[in-house]
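Q: Structure of the sequence below:
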Amino acid sequence: MRLGRRAFLERVLSALAGIACSQALSLRYAQVLAQPTQRKLALLVGINQYRAAGSDSGPLLGCLTDVALQRELLIHRFGFASSDILTLTDQQASRTAVEAAFRQHLIGQAQPGDVVVFHFSGYGSRLKAPTTASNTVPSAAPNTASEAQSAQTDKAGQETLVLADPVVLDDSAEADLPADTLLLLLRSLATDQVTTVLDTCYTDPVGGLLSGALLGQLRVRSRPGRRLALPASELDLQAQLQASLGLEANQLAVQRRAGQVPGVVLSAASPSALALDGLWQGYSAGLFTRSLTQQLWQMTPATTLRIVLSHSKAMARSQSQQEQPQLQGQKSSQSALAAYFSPPTQNPIGAGAVIAVEDGGRGGQLWLGGLPPAVLEAYAPGSVLTVAGTSPDVLPRPDPLQVQVRARNGLSAQVRVLEVGANESSSSLQDKSLQVGQHLHEQVRVLPRNLNLVVALDPALSRIERVDATSALSTLAQVQAVQAGEQAADCLFSQLRAADQAALTTRSMTGPDLPTVGSYGLFSLGRDPIPESFGESGESVGSAIRRLGHRLQNLLALKLLRLLNNGNSSQMEVAATLALADPGRAGESGSVPRQLAGRSTRPWDQTEQLQASKAGLPTAGLPAAGLLELPVGSSLKMQLSNHDNQPLYGCIVALSPNSKGSIRFPTSVDPGTEADNQKDWGLLASQGSRTVPHATEPIPWIVREPRGLVEVAVIFSRAPFKQVRQNLGQAARQTGAAQTVAQEMLTLRNPLSLMRGLLLDLEQASPRPSGLADDLLALDVNHWAGLMFTTQIV
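A: Numbering: from 1, shown residues only. Below you'll find the predicted structure:
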């Protein structure tokens, strides 16, 4: 008999965290949900266009999308009324307008216990010490020029939010909202349940280049700092706010430096790090806001804000090592802190929501912010989604309302309702009509059969270099060249600079392993060098591209692997737990594997760490990070659990931009048997678990160099991996008798061939929708699950 979702959850919780922890957790969530109704207010500010012609503030691209992402999230997942969300974009977001909106919409309306969200996306900057105190003495501030000079000096170095007023090039900062003023405005709220989201940064990372400069394929959200002084009007305002709050003049700087901000602050970057604009097909957005809102779409009431942020960090790091999201504020240390101080209004976890209907509910528009960005990039027409129920305990209807994607543009998709009979009654037709606000689950994921790897060419390359690179890349199958910053891409081709070489040195690369400045190679989208991709000094562009052909295929394989991430939509009942196999000291016997993280087809980690942290119990040192740091030389184990009602097949695929990768199965591989004859590879009995590598396997799972990101996917399927077996067997035979199948699995020479075979196996395990074009493949969420771990080898 098939386990219901509640029964499955209880079983997983019991296995990983214990009955007592589960009961305490349930009580905590019940208390949260039983809180009196709160008013929820939000002020969302996003600025792409800074109108000062000829200044150093060029346009950004993703800030308006950030505002839209937050707005849809707050309405459809957290129950904010649209009338309680005020948005200010581009020229609406002047210094005067933002201050007035904060005072009237937030301070003027929020009551004790209400929920407040303030979001800013745009440029950040930093004040520097003024050369003089003239014209800066406010009427209600220090009474002498020397005191004013001291006050200005105390404010030097603090961060500012750059608003939409014209940027002036003298010693004034009227377009900026200083951190001190923001702190005072936040302290003026009657509630402490406030979340401040800042998708901006304050450090000029590229030596004074114009604001909005490209760092690889990504755009930097900082305006180079100038010698700025606060105008008298700003100091007057701060003095008035301090007086109303009963704060002494010196208390403000102390509180700012100590991070004593009401509620919590979610920042894209630390004061010395970067916030970046990302570019996807059809839209741009902040890396931080895109990852944060996607994680919040998928969260349940059981998910703490710290867990959300750690997974957001892991997503952002896949594009850039530069972005380091931060959690601060007076409430940030609370272990069971709920996102936005408000649990989601609906338990079902979906890909998105209906935001508009047409044709009497027979068609409409979806917001697909709940899909992982890498999946959404390839989400094709023909994909099918099912309207979610109102409770996770409600059994699926025998004829659930389903919609099919007809077209997609960025984050939104046009859909039509499927299978409406000609003789349906009016009440039945109403049941099968879309309504604004409905959540939807994935049912069938349709993807292009032949995806390209898109390589961005650094604009710092000469015109001849870019022409040669475009020509050479055009000769490679499924590889496409674009100009950096103009279209979505997967990696960057450029020359190594001295700063890039220094970054590699911090990864312990020295001597002959360190590539030469000026050599050609590959970078992440945020210009993190891929260490082993660089050639010799003096190499031609064409020779470099030919040398990189195999590595580009490996990057395409990694792109395909990311498309299998469906832990939040799969209907299978499976889980995986990653652990250190040797947590004890060297030579110590009887050491017990230490769990690092878990994933399951119920959202988020179902490990002891997650459950214990929410219940306020000891966590035995388990990190809550979505990004797992693994030291070189560590020995790993992965437990695969099948709680489904039938046997399944499982495998573990690990791929990295820096190396070839590996595949492992939860059953032994007989080196003397042809791969395509080992039909029980990966077999997992119903209600059973297996550990990889198993006790009798002679080859342990050791973390090896090169250092960097490694993405590990645990794949479950209802059908055996026939094509994968054949591909591995063929690869082993091509290397001769010395290369066994087991060895080939651990040092994949052709990850792209493996991934194509895996996609074919999963497609053949899924029923195919009628009328689908041959160049598309369809994967049914009832027939496969992909659980993803992002690790950093250190």
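Q: Which helix or strand in this structure has the lowest average pLDDT?
A: helix 19-33 (a mean of 34; mean pLDDT, DSSP states H and E).
Q: Could you look up the next helix or strand downstream of that helix?
A: The C-terminal neighbour of helix 19-33 among helices and strands, as given by DSSP states H and E, is strand 40-46.
Q: can you list contacts of that next one?
A: 63-67, 70-71, 74, 78-81, 84-90, 93, 98, 101-102, 105-106, 109-110, 114-122, 163, 342 (C-beta atoms under 8 Å, 6 or more residues apart in numbering). To be clear about C-beta, it is placed using only N, CA and C from the backbone, and glycine gets the same treatment.
Q: which neighbours does that strand have in its sheet, and in what orientation?
A: According to DSSP bridges, strand 40-46 forms sheet pairs with strand 85-89 (parallel), strand 115-121 (parallel).
Q: For the ones you listed, state which one has the densest average packing.
A: The highest average neighbour count among the strands paired with strand 40-46, using mean count of other C-beta atoms under 10 Å, belongs to strand 115-121 at a mean of 27.
Q: in the stretch 451-600 of the chain, which spans are helices?
A: According to DSSP state H, counting those that start in this stretch, the stretch 451-600 of the chain carries its helices in the segments 463-473, 498-505, 541-547, 549-562.
Q: For these, state which one has the densest average packing.
A: helix 549-562 (a mean of 21).
Q: got the angle for that one vs helix 463-473?
A: 70 degrees (axes from the mean of the first three to the mean of the last three C-alpha atoms, to 10 degrees).
Q: what mean pLDDT would you report for helix 549-562?
A: Confidence over helix 549-562 (mean pLDDT, whole number) is 97.
Q: before we move on, the earlier item: could you export the helices of the stretch 451-600 of the chain to TSV, including columns for distance to Arg219?
A: Formatted as TSV, the helices of the stretch 451-600 of the chain follow (distance: least, C-beta to C-beta, whole Å):
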stretch	distance to Arg219
helix 463-473	19
helix 498-505	18
helix 541-547	25
helix 549-562	22
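Q: And the strands in the stretch 301-450 of the chain?
A: 326-328, 352-358, 363-367, 384-387, 402-409, 412-417, 439-448 (DSSP state E, counting those that start in this stretch).
Q: for the stretch 101-250 of the chain, what are the low-confidence residue spans?
A: 129-156, 166-174, 204-212, 225-228 (pLDDT under 70).
Q: 80 instead, please
A: Within the stretch 101-250 of the chain, the stretches with pLDDT under 80 are 128-157, 165-175, 204-212, 224-229, 249-250.
Q: Can you tell me, leaving aside adjacent residues, what's nearest to Ser320?
A: Gly526 (2.4 Å; C-beta to C-beta, 6 or more residues apart in numbering).
Q: again, but for Gln217
A: Leu525 (4.1 Å).
Q: wait, Ser284 sits on Gly62?
A: Yes: under the criterion of C-beta atoms under 8 Å, Ser284 makes contact with Gly62 at 3.7 Å.
Q: who's more crowded, those two?
A: Gly62 (27 against 22; other C-beta atoms under 10 Å).
Q: what about Leu434, how many neighbours?
A: With other C-beta under 10 Å as criterion, Leu434 counts 25.
Q: gap between the two ends of stretch 314-326?
A: Stretch 314-326 stretches 13 Å from its first residue to its last (C-alpha to C-alpha, to the nearest Å).
Q: next one: that stretch to chain centre, how far?
A: 8 Å (C-alpha atoms, centre = their mean, to the nearest Å).
Q: any idea how far the closest residue to Thr203 other than its chain neighbours is from Val264?
A: Leaving aside its chain neighbours, Thr203 sits nearest to Ser272 (5.5 Å; criterion: C-beta to C-beta, 6+ apart). To Val264, Ser272 is 21 Å away according to C-beta to C-beta, to the nearest Å.
Q: Between those two, which has more neighbouring residues?
A: Val264 (26 against 10).
Q: wait, the more buried one sits on Gln326?
A: No: using C-beta under 8 Å, Val264 is not in contact with Gln326; the gap is 10.4 Å.
Q: returning to what we had before: so how many other residues sit close to the residue nearest to Gln217?
A: 23.
Q: mind listing what it touches?
A: Leu525 sits in contact with 216-218, 278, 319-320, 456, 489-492, where contact means C-beta under 8 Å, 6+ apart.
Q: How about Met315?
A: 290-291, 294-295, 372-373, 626, 790.
Q: One more: Gln792?
A: 317, 627-630, 707-710.
Q: Specify the local secondary structure of it.
A: strand (DSSP: H, G, I helix; E, B strand; the rest coil).
Q: For the residue lying closest to it once chain neighbours are set aside, report the pLDDT, please.
A: Closest residue in space to Gln792, ignoring its immediate chain neighbours: Glu629 at 4.9 Å, by C-beta to C-beta, 6+ apart. Looking at Glu629, its pLDDT is 89.
Q: What residues sit buried inside the helix or strand harbouring Glu629?
A: Taking DSSP H and E as the criterion, Glu629 maps to strand 627-630. Across strand 627-630, burial judged by 16 or more other C-beta atoms under 10 Å covers 627-628, 630.
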